[in-house]
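**Student:** after the sequence you'll find the predicted model.
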Amino acid sequence: MHPGDYDVADIAQASETGRVPADARIDDLLDSAYRRALTHREGTVADYIPILGRADPEAFGVSVVDVDGGIHSVGDTATRFSIQSISKAFVYALLCEAVGHTDAYRIVGVNNTGAPFNSVVAIELNGGHPGNPMVNAGAIATTALIPGGSAAEKWDAVHAGLSRFAGRALDVDDEVYRSESETNQRNRAIATLLQSYDRIRCDPLEAVDVYTRQCSLLVDARDLAVMGATLADGGVNPVTGERVVSAEVARDTLAVMAASGLYERSGEWLFEIGMPGKSGVAGGLVTIAPGKVGIGAYAPPLDSAGNSVRGQIATAYLSRALGLNIFASASHA
């Protein structure tokens, strides 16, 4: 079925997500989650982008930001790193805000490809459709569709939008940008393939360049938690009080993150952790409990799918201990 087929346009979206846990409880359990994850040394630092391979494998920090604006942090939460693929979720939110629910669905898609994030085969198997905005094909298509008459205007819109999500002006890591620009031949090929299917109508190489810049923006774990909390609070940044996107766009973005945010491990993640999330190969991870909190984590060693090992472990702990799993329930009796 497609948007509009469910005959619920006149039914208001209700939200019954419970209460934000008490500050002291968040702080205590955040510390426990951090210490639990700190004992794990599995995973390897990404090195297919040369500069990412220089990251400190012991760096680790976790932040929780609640929808009331409370900030809770432990570890290396001020260490900055490139946002990488986490940007995909928030640029998709900007696109949804610009073009609407139905067009974003029709053009970019929402279904998990079941293939690696940089798969070319998945595009061909789906008749040139990019699949969803969390894989590289969908993310490049999303960035290409951001309103703007030129690549510079698209970049300005992306940069300003992600900065509003974070609540501060984000900087580009020029060294990361240069390093990724020198090694992004696969993304350029994906963009050209999408153009051949009429999925990208601007210059495909310019679209890849804007996408590479957005992935090179510097954030820290606290920034990710604020960005996640903005989606958790219906599109309002709980620290700045600014509405960044509508509640409907926040809902749509969280749905796509839940389906595909951790690549081919998304089903396992949702089964075990039960919250929308998005990872990045620099070691970042953002997770959202709607109506409650955003969680940002940074730990560079990744599993084989490109997801932070310690970030996943700490988030899994918090999901259970704080009751954040959106599928968890207890008997009403």
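**Tutor:** Done, it's in. Because the structure is a prediction, the values reported are computed rather than measured.

**Student:** put the alpha carbons of stretch 223-230 into CSV.
**Tutor:** The C-alpha coordinates for stretch 223-230 follow below in CSV (Å, rounded to 0.1, in the frame of the first residue of the first chain):
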residue,chain,number,x,y,z
ASP,A,223,25.3,17.1,19.5
LEU,A,224,23.9,13.8,18.3
ALA,A,225,21.8,13.5,21.5
VAL,A,226,20.4,17.0,20.9
MET,A,227,19.7,16.1,17.3
GLY,A,228,18.0,12.9,18.3
ALA,A,229,16.0,14.7,21.1
THR,A,230,14.7,17.1,18.5
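
**Student:** for the helix or strand of the chain with the lowest mean pLDDT, packing partners?
**Tutor:** Taking mean pLDDT, DSSP states H and E as the measure, the chain has helix 121-125 as its least confident helix or strand, at a mean of 81. Other elements packing on helix 121-125 under the criterion 3 or more Cβ pairs under 8 Å, 6 or more residues apart in numbering; DSSP states H and E are helix 185-196. Just so you know, the C-beta spots here come from the backbone N, C-alpha and C atoms, and that holds for glycine as well.

**Student:** for the helix it packs on, list every residue counted as buried.
**Tutor:** 187-188, 190-191, 193-195 (16 or more other Cβ atoms under 10 Å).

**Student:** and the strands in the chain?
**Tutor:** 61-66, 71-75, 81-82, 218-219, 277-279, 284-289, 293-298 (DSSP state E).

**Student:** could you dump the ones you listed to CSV with mean pLDDT, mean neighbour count and distance to S119?
**Tutor:** What follows is those, written out as CSV (pLDDT from 0 to 100; neighbours: other Cβ atoms under 10 Å; distance: least, Cβ to Cβ, whole Å):
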stretch, mean pLDDT, mean neighbour count, distance to S119
strand 61-66, 98, 28, 30
strand 71-75, 98, 21, 34
strand 81-82, 98, 26, 22
strand 218-219, 98, 22, 26
strand 277-279, 97, 30, 16
strand 284-289, 98, 30, 21
strand 293-298, 98, 30, 26
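
**Student:** ok so, going back, just how off-centre is the least confident helix or strand of the chain within its chain?
**Tutor:** 23 Å (Cα atoms, centre = their mean, to the nearest Å).

**Student:** how about that helix: buried residues?
**Tutor:** For helix 121-125, by 16+ other Cβ under 10 Å, it's 122-123.

**Student:** i'd like the first residue to be 43 from this point on
**Tutor:** Understood, numbering begins at 43; the last thing we discussed is helix 163-167.

**Student:** convert the C-alpha atoms of that helix to CSV, please.
**Tutor:** In CSV, the C-alpha atoms belonging to helix 163-167 read as follows (Å, rounded to 0.1, in the frame of the first residue of the first chain):
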residue,chain,number,x,y,z
VAL,A,163,23.3,-4.3,-7.1
ALA,A,164,20.4,-3.1,-4.9
ILE,A,165,19.7,-0.2,-7.3
GLU,A,166,19.7,-2.5,-10.3
LEU,A,167,17.4,-5.1,-8.7
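
**Student:** contacts for it next, please.
**Tutor:** 155-157, 171-173, 177, 179, 232, 235-236, 239 (Cβ atoms under 8 Å, 6 or more residues apart in numbering).

**Student:** returning to that earlier point: out of the strands of the chain, flag the one nearest R61.
**Tutor:** Closest of these to R61 is strand 103-108, at 10.0 Å (criterion: Cβ to Cβ).

**Student:** ok, that closest one: who's next to it in the sheet?
**Tutor:** Paired strands of strand 103-108, with direction, are strand 113-117 (antiparallel), strand 335-340 (antiparallel) (DSSP bridges).

**Student:** got these as JSON lines, with distance to L260 columns?
**Tutor:** What follows is these, written out as JSON lines (distance: least, Cβ to Cβ, whole Å):
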{"stretch": "strand 113-117", "distance to L260": "17"}
{"stretch": "strand 335-340", "distance to L260": "12"}
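
**Student:** out of the ones you listed, nearest to V162?
**Tutor:** strand 335-340 (29.8 Å).

**Student:** and that closest one, how far from the chain's centre?
**Tutor:** Per Cα atoms, centre = their mean, the centroid offset for strand 335-340 relative to its chain is 11 Å.

**Student:** may I have that strand as PDB, with CA atoms only?
**Tutor:** Presented in PDB, the C-alpha positions along strand 335-340 are these (Å, rounded to 0.1, in the frame of the first residue of the first chain):
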ATOM      1  CA  VAL A 335      15.100  11.200  24.900                       C
ATOM      2  CA  GLY A 336      17.800  11.200  22.200                       C
ATOM      3  CA  ILE A 337      21.000   9.200  22.900                       C
ATOM      4  CA  GLY A 338      24.300  10.100  21.200                       C
ATOM      5  CA  ALA A 339      27.300   7.800  21.400                       C
ATOM      6  CA  TYR A 340      30.800   7.900  20.000                       C
END
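
**Student:** what's the angle between it and strand 326-331?
**Tutor:** Here strand 335-340 runs at an angle of 170 degrees relative to strand 326-331 (axes from the mean of the first three to the mean of the last three Cα atoms, to 10 degrees).

**Student:** can you map out the helices along the stretch 193-342 of the chain?
**Tutor:** Counting by DSSP state H, counting those that start in this stretch, one finds helices in the stretch 193-342 of the chain at the ranges 193-208, 216-224, 227-238, 246-257, 263-274, 289-302, 308-314.
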